[in-house]
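1. Below is the structure, and that's it, no one-letter string:
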Ligand code: ADP
Ligand code: MG
(Lines give C-alpha, C1' and ligand atoms only; values in the text may rest on other atoms or scores of the structure.)
(Ligands and ions follow the chains in the order given, each with its own letter.)
Protein backbone atom coordinates (compact mmCIF):
# COMPACT_ATOMS: atom_id res chain seq x y z
CA UNK A 1 0.00 0.00 0.00
CA UNK A 2 2.85 2.33 0.75
CA UNK A 3 4.66 4.16 -1.92
CA UNK A 4 8.23 5.33 -1.70
CA UNK A 5 8.62 8.54 -3.59
CA UNK A 6 12.19 9.18 -4.63
CA UNK A 7 11.56 12.23 -6.80
CA UNK A 8 13.23 14.49 -4.30
CA UNK A 9 16.05 12.32 -3.21
CA UNK A 10 18.49 14.53 -5.06
CA UNK A 11 17.61 17.37 -2.69
CA UNK A 12 18.11 15.05 0.25
CA UNK A 13 14.33 14.88 0.67
CA UNK A 14 12.55 11.57 0.92
CA UNK A 15 8.79 11.46 0.87
CA UNK A 16 6.69 8.40 1.62
CA UNK A 17 2.96 8.05 1.38
CA UNK A 18 -0.01 7.93 -0.96
CA UNK A 19 -0.95 10.77 -3.33
CA UNK A 20 1.83 13.06 -2.20
CA UNK A 21 1.34 16.70 -3.27
CA UNK A 22 4.17 18.18 -5.32
CA UNK A 23 6.71 20.35 -3.51
CA UNK A 24 6.56 24.08 -4.20
CA UNK A 25 9.84 25.95 -4.31
CA UNK A 26 8.77 29.62 -4.36
CA UNK A 27 6.44 31.57 -2.07
CA UNK A 28 4.26 33.04 -4.86
CA UNK A 29 3.43 29.51 -6.08
CA UNK A 30 2.07 28.60 -2.67
CA UNK A 31 -1.09 30.72 -2.91
CA UNK A 32 -0.42 32.45 0.39
CA UNK A 33 -2.29 35.54 1.58
CA UNK A 34 -0.88 38.96 0.67
CA UNK A 35 -0.25 39.55 4.38
CA UNK A 36 1.81 36.39 4.67
CA UNK A 37 3.83 37.27 1.56
CA UNK A 38 4.49 40.74 2.99
CA UNK A 39 5.73 39.39 6.30
CA UNK A 40 8.02 36.91 4.52
CA UNK A 41 9.40 39.74 2.41
CA UNK A 42 9.97 41.94 5.46
CA UNK A 43 11.80 39.12 7.19
CA UNK A 44 13.97 38.61 4.10
CA UNK A 45 12.93 34.97 3.70
CA UNK A 46 13.42 34.76 -0.06
CA UNK A 47 12.25 31.21 -0.59
CA UNK A 48 10.97 28.22 1.35
CA UNK A 49 13.48 25.89 2.97
CA UNK A 50 13.35 22.25 1.71
CA UNK A 51 11.10 21.11 4.56
CA UNK A 52 8.80 24.08 3.95
CA UNK A 53 8.70 23.34 0.18
CA UNK A 54 7.36 19.88 0.81
CA UNK A 55 5.44 20.22 4.07
CA UNK A 56 3.40 23.36 3.36
CA UNK A 57 1.61 22.09 0.20
CA UNK A 58 1.11 18.70 1.87
CA UNK A 59 -0.45 20.21 4.97
CA UNK A 60 -2.53 22.63 2.92
CA UNK A 61 -3.87 19.61 1.04
CA UNK A 62 -5.30 18.52 4.38
CA UNK A 63 -2.98 15.58 4.97
CA UNK A 64 -1.53 14.35 8.22
CA UNK A 65 2.24 14.69 8.11
CA UNK A 66 5.35 13.39 9.84
CA UNK A 67 8.17 15.84 9.12
CA UNK A 68 11.70 15.10 10.16
CA UNK A 69 14.44 17.64 9.60
CA UNK A 70 17.35 18.79 11.67
CA UNK A 71 17.27 21.77 13.99
CA UNK A 72 17.43 25.07 12.17
CA UNK A 73 15.76 23.84 8.98
CA UNK A 74 12.67 26.03 9.31
CA UNK A 75 10.13 23.62 10.80
CA UNK A 76 8.23 26.33 12.67
CA UNK A 77 7.00 28.05 9.53
CA UNK A 78 6.47 24.68 7.83
CA UNK A 79 3.57 24.14 10.23
CA UNK A 80 3.03 27.82 11.08
CA UNK A 81 2.16 29.11 7.62
CA UNK A 82 -0.57 26.48 7.05
CA UNK A 83 -2.00 27.27 10.47
CA UNK A 84 -2.89 30.78 9.28
CA UNK A 85 -5.10 29.67 6.42
CA UNK A 86 -6.62 26.96 8.54
CA UNK A 87 -7.72 29.54 11.09
CA UNK A 88 -8.78 32.15 8.54
CA UNK A 89 -10.97 29.58 6.79
CA UNK A 90 -12.91 29.00 9.99
CA UNK A 91 -12.85 32.07 12.16
CA UNK A 92 -16.10 33.45 10.70
CA UNK A 93 -17.79 31.13 13.13
CA UNK A 94 -16.50 33.26 16.00
CA UNK A 95 -13.66 32.58 18.35
CA UNK A 96 -15.33 32.90 21.73
CA UNK A 97 -15.60 29.20 22.35
CA UNK A 98 -11.97 28.16 22.13
CA UNK A 99 -8.94 27.91 19.86
CA UNK A 100 -9.09 26.55 16.31
CA UNK A 101 -5.51 25.30 16.22
CA UNK A 102 -3.28 23.81 18.89
CA UNK A 103 0.50 23.54 18.92
CA UNK A 104 2.14 21.36 21.55
CA UNK A 105 5.84 21.71 22.39
CA UNK A 106 7.87 19.99 25.13
CA UNK A 107 9.26 23.02 26.98
CA UNK A 108 8.43 26.55 27.95
CA UNK A 109 11.38 27.86 25.92
CA UNK A 110 10.17 26.12 22.78
CA UNK A 111 6.58 27.26 23.25
CA UNK A 112 7.74 30.86 23.66
CA UNK A 113 10.02 30.55 20.63
CA UNK A 114 7.16 29.26 18.45
CA UNK A 115 4.87 32.05 19.56
CA UNK A 116 7.58 34.64 18.92
CA UNK A 117 8.26 33.33 15.44
CA UNK A 118 4.58 33.24 14.47
CA UNK A 119 3.79 36.61 16.00
CA UNK A 120 4.31 38.83 12.91
CA UNK A 121 2.20 36.46 10.83
CA UNK A 122 -0.59 36.33 13.39
CA UNK A 123 -0.52 40.09 13.80
CA UNK A 124 -0.74 40.67 10.05
CA UNK A 125 -3.98 38.66 10.02
CA UNK A 126 -5.34 40.09 13.29
CA UNK A 127 -5.15 36.68 14.92
CA UNK A 128 -4.43 36.01 18.57
CA UNK A 129 -2.53 33.23 20.30
CA UNK A 130 -2.41 32.09 23.90
CA UNK A 131 0.88 30.64 25.11
CA UNK A 132 0.61 28.38 28.16
CA UNK A 133 3.37 26.52 30.00
CA UNK A 134 4.23 25.38 33.49
CA UNK A 135 6.29 27.37 35.95
CA UNK A 136 3.97 30.37 35.93
CA UNK A 137 0.75 30.71 37.93
CA UNK A 138 -2.04 28.81 36.20
CA UNK A 139 -4.50 31.55 37.08
CA UNK A 140 -2.79 33.79 34.52
CA UNK A 141 -3.42 31.16 31.83
CA UNK A 142 -6.99 30.73 32.99
CA UNK A 143 -7.61 34.47 32.76
CA UNK A 144 -6.11 34.55 29.26
CA UNK A 145 -8.16 31.59 28.08
CA UNK A 146 -11.38 32.87 29.66
CA UNK A 147 -10.99 36.26 28.02
CA UNK A 148 -11.48 34.35 24.79
CA UNK A 149 -10.59 35.44 21.29
CA UNK A 150 -7.53 33.20 21.00
CA UNK A 151 -7.52 31.55 17.61
CA UNK A 152 -4.38 29.57 18.36
CA UNK A 153 -3.02 27.93 21.46
CA UNK A 154 0.67 27.11 21.94
CA UNK A 155 1.22 24.98 25.02
CA UNK A 156 3.26 22.36 26.81
CA UNK A 157 1.34 19.10 27.34
CA UNK A 158 1.44 19.23 31.14
CA UNK A 159 0.02 22.71 31.44
CA UNK A 160 -2.58 21.89 28.83
CA UNK A 161 -3.80 18.93 30.89
CA UNK A 162 -3.97 21.15 33.97
CA UNK A 163 -5.96 23.76 32.07
CA UNK A 164 -8.31 21.13 30.68
CA UNK A 165 -8.99 19.89 34.20
CA UNK A 166 -9.47 23.28 35.80
CA UNK A 167 -12.96 24.17 36.96
CA UNK A 168 -14.23 20.74 35.83
CA UNK A 169 -13.35 21.43 32.21
CA UNK A 170 -15.22 24.71 31.99
CA UNK A 171 -12.15 26.86 31.31
CA UNK A 172 -10.62 25.39 28.19
CA UNK A 173 -12.78 24.08 25.41
CA UNK A 174 -10.98 22.18 22.65
CA UNK A 175 -14.09 21.26 20.67
CA UNK A 176 -13.28 23.70 17.88
CA UNK A 177 -9.70 22.49 17.45
CA UNK A 178 -9.28 20.99 13.98
CA UNK A 179 -5.50 21.33 13.51
CA UNK A 180 -2.93 19.96 15.94
CA UNK A 181 0.86 20.27 15.77
CA UNK A 182 3.21 18.09 17.80
CA UNK A 183 6.49 19.99 17.60
CA UNK A 184 9.82 18.53 18.72
CA UNK A 185 7.98 15.24 19.07
CA UNK A 186 11.16 13.28 19.75
CA UNK A 187 11.93 15.45 22.78
CA UNK A 188 8.33 15.31 23.90
CA UNK A 189 8.63 11.53 24.16
CA UNK A 190 12.15 11.57 25.61
CA UNK A 191 10.73 13.72 28.38
CA UNK A 192 7.96 11.23 29.03
CA UNK A 193 5.04 13.34 27.84
CA UNK A 194 3.45 10.65 25.71
CA UNK A 195 0.55 9.97 28.12
CA UNK A 196 -0.27 13.69 28.32
CA UNK A 197 -0.06 14.12 24.56
CA UNK A 198 -2.37 11.14 24.01
CA UNK A 199 -4.80 12.43 26.60
CA UNK A 200 -4.99 15.82 24.92
CA UNK A 201 -5.45 14.22 21.51
CA UNK A 202 -8.34 12.17 22.87
CA UNK A 203 -10.07 15.44 23.74
CA UNK A 204 -9.78 16.76 20.20
CA UNK A 205 -12.23 15.74 17.50
CA UNK A 206 -11.02 12.66 15.65
CA UNK A 207 -11.47 14.24 12.21
CA UNK A 208 -8.81 16.83 13.03
CA UNK A 209 -5.64 17.27 10.98
CA UNK A 210 -2.53 16.25 12.93
CA UNK A 211 1.04 17.10 11.97
CA UNK A 212 4.17 15.95 13.75
CA UNK A 213 7.55 17.66 13.52
CA UNK A 214 10.80 16.34 14.86
CA UNK A 215 14.56 16.53 14.48
CA UNK A 216 14.91 12.73 14.69
CA UNK A 217 12.60 9.82 13.98
CA UNK A 218 13.01 7.13 16.64
CA UNK A 219 11.00 3.89 16.42
CA UNK A 220 9.03 4.84 19.52
CA UNK A 221 7.76 7.95 17.82
CA UNK A 222 6.68 5.98 14.79
CA UNK A 223 4.40 3.77 16.86
CA UNK A 224 2.84 6.79 18.52
CA UNK A 225 2.38 8.45 15.16
CA UNK A 226 0.44 5.41 14.02
CA UNK A 227 -1.98 5.89 16.91
CA UNK A 228 -2.38 9.64 16.54
CA UNK A 229 -2.17 10.32 12.80
CA UNK A 230 -4.29 9.14 9.86
CA UNK A 231 -2.49 7.96 6.70
CA UNK A 232 0.38 10.36 7.29
CA UNK A 233 2.79 11.43 4.60
CA UNK A 234 6.37 11.12 5.80
CA UNK A 235 8.78 13.85 4.82
CA UNK A 236 12.40 13.20 5.68
CA UNK A 237 15.03 15.82 4.98
CA UNK A 238 18.61 14.65 5.17
CA UNK A 239 17.90 11.01 5.89
CA UNK A 240 16.42 9.16 8.80
CA UNK A 241 18.29 9.50 12.06
CA UNK A 242 17.21 7.57 15.11
P1 LIG B 1 13.67 24.32 13.36
O2 LIG B 1 12.34 24.34 14.04
O3 LIG B 1 13.72 23.35 12.22
O4 LIG B 1 14.81 24.08 14.32
P5 LIG B 1 13.19 27.12 12.96
O6 LIG B 1 11.81 27.03 12.46
O7 LIG B 1 13.39 27.54 14.37
O8 LIG B 1 13.95 25.73 12.72
O9 LIG B 1 14.01 28.07 11.96
C10 LIG B 1 15.38 28.32 12.10
C11 LIG B 1 15.68 29.75 11.65
O12 LIG B 1 15.47 29.88 10.26
C13 LIG B 1 14.79 30.76 12.32
O14 LIG B 1 15.57 31.87 12.69
C15 LIG B 1 13.81 31.15 11.25
O16 LIG B 1 13.30 32.42 11.45
C17 LIG B 1 14.64 31.01 9.98
N18 LIG B 1 13.85 30.70 8.77
C19 LIG B 1 12.71 29.94 8.71
N20 LIG B 1 12.27 29.85 7.45
C21 LIG B 1 13.13 30.53 6.68
C22 LIG B 1 13.22 30.80 5.26
N23 LIG B 1 12.33 30.30 4.42
N24 LIG B 1 14.25 31.55 4.82
C25 LIG B 1 15.16 32.04 5.68
N26 LIG B 1 15.15 31.84 7.02
C27 LIG B 1 14.15 31.08 7.53
MG1 MG C 1 11.61 23.94 15.90
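-> Cool, the structure landed. Model, not experiment: these values are computed from the prediction. Ligands and ions are numbered 1, 2, ... in the order given.

2. Break down the chain into its helices, ranges please.
-> 34-43, 50-60, 75-88, 108-124, 138-147, 157-165, 185-190, 194-202, 219-228 (DSSP state H).

3. buried sites along the shortest one?
-> Going by neighbour count (16 or more other CB atoms under 10 Å), the buried part of helix 185-190 is 185, 186, 187, 188, 189. No exception for glycine: its C-beta is placed from N, CA and C like everyone else's.

4. for stretch 159-174, how far is the first residue from the last?
-> 14 Å (CA to CA, to the nearest Å).

5. Contacts for it next, please.
-> Applying CB atoms under 8 Å, 6 or more residues apart in numbering, the contact partners of stretch 159-174 are 97-99, 102, 104, 132-134, 138, 141-142, 145-146, 153, 155, 196, 199-200, 203-204.

6. Buried residues, that stretch. List them.
-> Buried residues in stretch 159-174 (16+ other CB under 10 Å): 159, 160, 161, 162, 163, 166, 171, 172, 173, 174.

7. Spatially nearest residue to the most centrally placed residue in the chain, not counting backbone neighbours?
-> Computing the C-alpha centroid of the chain and ranking residues by CA atoms, centre = their mean puts residue 181 first, at 2.8 Å. Take residue 181 and drop its neighbours on the chain: the residue closest to it by CB to CB, 6 or more residues apart in numbering is residue 103, 4.2 Å away.

8. Who are the contact partners of the one you found?
-> 79, 83, 111, 114, 152, 153, 154, 155, 180, 181, 183.

9. Correct me if wrong: the first one contacts residue 211.
-> By that I understand residue 79. Yes. Residue 79 is in contact with residue 211 according to CB atoms under 8 Å; the separation is 5.5 Å.
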